[in-house]
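> Just the structure for this:
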Amino acid sequence: MRRVCAAFLVIILLLTGCGDSGGGSSSGDKVTYLTAFGAVGRDAFAWVAQEKGYFRDAGLDVTIRLGAATGENLKVLAAGQAQFANLDLTGTWILAGKGEYPDVRAIAAIHQQTLVSIVSLAGAGITTPKDLEGRKLGAATGSVNQLLFPAYAKLAGVDQARVTWVNAPPAQLPALLASNRVDALSTFLIGAKGLEKAAGGKKAVVLPYSAYLPELFGNGLIAPLAITRDQPDLARRFRDAALKGLAYTMEHPQEAAEIMKKAQPAADITAAVGEITLMAPYVKTSGVIDRQRVAAEIDTLQKNGLIPPGLTPDTAVDFALAPAG
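Sure, this is the predicted structure:
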């Protein structure tokens, strides 16, 4: 009887997969992903990929954490507390070019052009970049908005010494603008609808950085070298599942916003749909990163004094992982 029970137990263990052969747990390889900026429309695709089972089908068990702008997210990646993040590529490359976070690589582009902008409200008297002089400008702490502003100010003819910065966590920015504690925000243009809602329906005035810096990329998927170099298959699986979520999100903005709301109850569906809709012209769901464009961006950053010589396309992007063409 004991032999029968023992044989039966072995069969049960084999059927339930307890004899793991080293291919990851039954629930998939565990990774942590950081959103770019809290739970807003531009990041909805990650929750879509999770809800629709794209991560699961890729053999991944993904924990989604709310991010807090480029510099803060890079700290988390550098500490090994996350494996992937949605970051502003330009901000990442500025910091990498300065030697602060050189060991990260882009593996896909979410926005093919920078969405960083100055956003004010109608009646505030800010209709041109020059109007920023003598004003208070709010931005998320450690964000690309401040990193990129010196180049924008130089090209737009703004005396940046006459601009006062007010730093705040991302979630507090709409209230700063709506309550007139700042005259404008340096933020993403796709957030304009949410800012209008927070301000009681006042129209937003948007001054895109891309009017003076058209070469620059926007957000993209980033991973540390420990992943791109040592675990490229993991990076490919994550990239493909995330981009599948991005494609679904762009085709179904309302559903994507509702999926995000289900996972993050504090999220605003109307604002999220607005962001997804507004970012559509800047998105290629293939995630393509063109080498020549990366080289042109690096040249722009160097010419405008944002980074010293040294950064190259291959130290900014892993072209073996980034979609081409």
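> Can you tell me the element residue 250 falls in?
helix 232-251 (DSSP states H and E).
> State the mean pLDDT of stretch 294-313.
Averaged across stretch 294-313, pLDDT comes to 95.
> Compute the first-to-last residue distance for it.
6 Å (CA to CA, to the nearest Å).
> Now do the contacts for residue 234.
29, 31, 60, 83, 227 (CB atoms under 8 Å, 6 or more residues apart in numbering). Every C-beta, even on glycine, is put in place using the N, C-alpha and C of the backbone.
> Which ones among those residues map onto strands?
29, 31, 60 (DSSP state E).
> if I pick the first one, what's in contact with it?
Applying CB under 8 Å, 6+ apart, we find residue 29 in contact with 59, 60, 61, 234, 237.
> between those, which is closest to residue 205?
residue 60 (41.5 Å; CB to CB).
> which intervals of the chain have sub-threshold pLDDT?
1-26, 325 (pLDDT under 70).
> could you pull out the helices for it?
For the chain, the helices defined by DSSP state H occupy 2-15, 44-51, 54-57, 70-78, 89-97, 144-156, 173-178, 192-198, 225-228, 232-251, 253-263, 269-279, 291-303, 313-316.
> Go through the fifth one and flag the buried ones.
Meaning helix 89-97. 89, 90, 91, 92, 93, 94, 95, 96, 97 (16 or more other CB atoms under 10 Å).
> That one to helix 70-78, inter-axis angle?
Helix 89-97 and helix 70-78 are oriented at 60 degrees to each other (axes from the mean of the first three to the mean of the last three CA atoms, to 10 degrees).
> Show me what helix 89-97 packs onto, helices and strands only.
Packing partners of helix 89-97 (3 or more CB pairs under 8 Å, 6 or more residues apart in numbering; DSSP states H and E): helix 70-78, strand 104-109, helix 144-156, strand 219-224, helix 291-303, helix 313-316.
> which residues are in contact with the second one?
In this structure, residues lying in contact with strand 104-109 by CB under 8 Å, 6+ apart are 74, 77-78, 89, 92, 96, 217-225, 228, 235, 239, 242-243, 284, 287-289, 315-318, 321-323.
> Show me which of those residues are buried.
Judged by 16+ other CB under 10 Å, buried ones among the contacts of strand 104-109: 74, 77, 89, 92, 96, 217-224, 228, 235, 239, 242-243, 284, 287, 289, 315-318, 321-323.
> quick one on the thing from earlier: which of the contacts of residue 234 sits closest to residue 253?
residue 60 (24.2 Å).
> wait, that closest one sits on residue 238?
Yes. Look at residue 60 against residue 238 with CB atoms under 8 Å: they come within range, at 6.2 Å.
> between these two, which one's more packed in?
More crowded of residue 60 and residue 238, by other CB atoms under 10 Å: residue 238, with 29 against 24.
> which residue sits closest to the more buried one in space, ignoring its chain neighbours?
Once flanking residues are discounted, residue 238 sits nearest to residue 84: 5.5 Å by CB to CB, 6 or more residues apart in numbering.
> Show me what that neighbour bridges to in the sheet.
For residue 84, the beta-bridge partners under DSSP bridges are residue 33.
> Could you check how far it is from residue 27?
17 Å (CB to CB, to the nearest Å).
> more neighbours, the two?
residue 84 (25 against 10).
> pretty sure the more buried one contacts residue 223?
Yes. Here residue 84 reaches residue 223: they are 5.2 Å apart, a contact under CB under 8 Å.
> Need the residues touching each of the two.
Both residue 84 and residue 223 are contacted by 235, 238, under the criterion CB under 8 Å, 6+ apart.
> What is the nearest of the contacts of residue 29 to residue 103?
residue 234 (16.5 Å).
> ok, the closest one to residue 111 distance?
24 Å.
> Residue 90 - nearest residue in space that isn't next to it in sequence?
Nearest to residue 90 is residue 216, by CB to CB, 6+ apart, at 4.7 Å.
> got it, and residue 91?
residue 144 (2.9 Å).
> So the one you found versus residue 115, what's the distance?
10 Å.
> Show me which of these two is the more surrounded one.
residue 144 (31 against 25).
> now the more buried one: how far from residue 235?
23 Å.
> got it, and residue 277?
In terms of CB to CB, residue 277 sits 30 Å off from residue 235.
> Farthest pair within the contacts of residue 234?
The farthest-apart pair in the contacts of residue 234, when distances are taken by CB to CB, is 60 and 227, at 12.3 Å.
> Pull out the buried residues from stretch 247-266.
Applying 16+ other CB under 10 Å to stretch 247-266 flags 247-250, 253, 255-261, 264 as buried.
> thinking residue 148 is in contact with residue 95, fair?
No. Between residue 148 and residue 95 there is no contact under CB under 8 Å: 11.3 Å.
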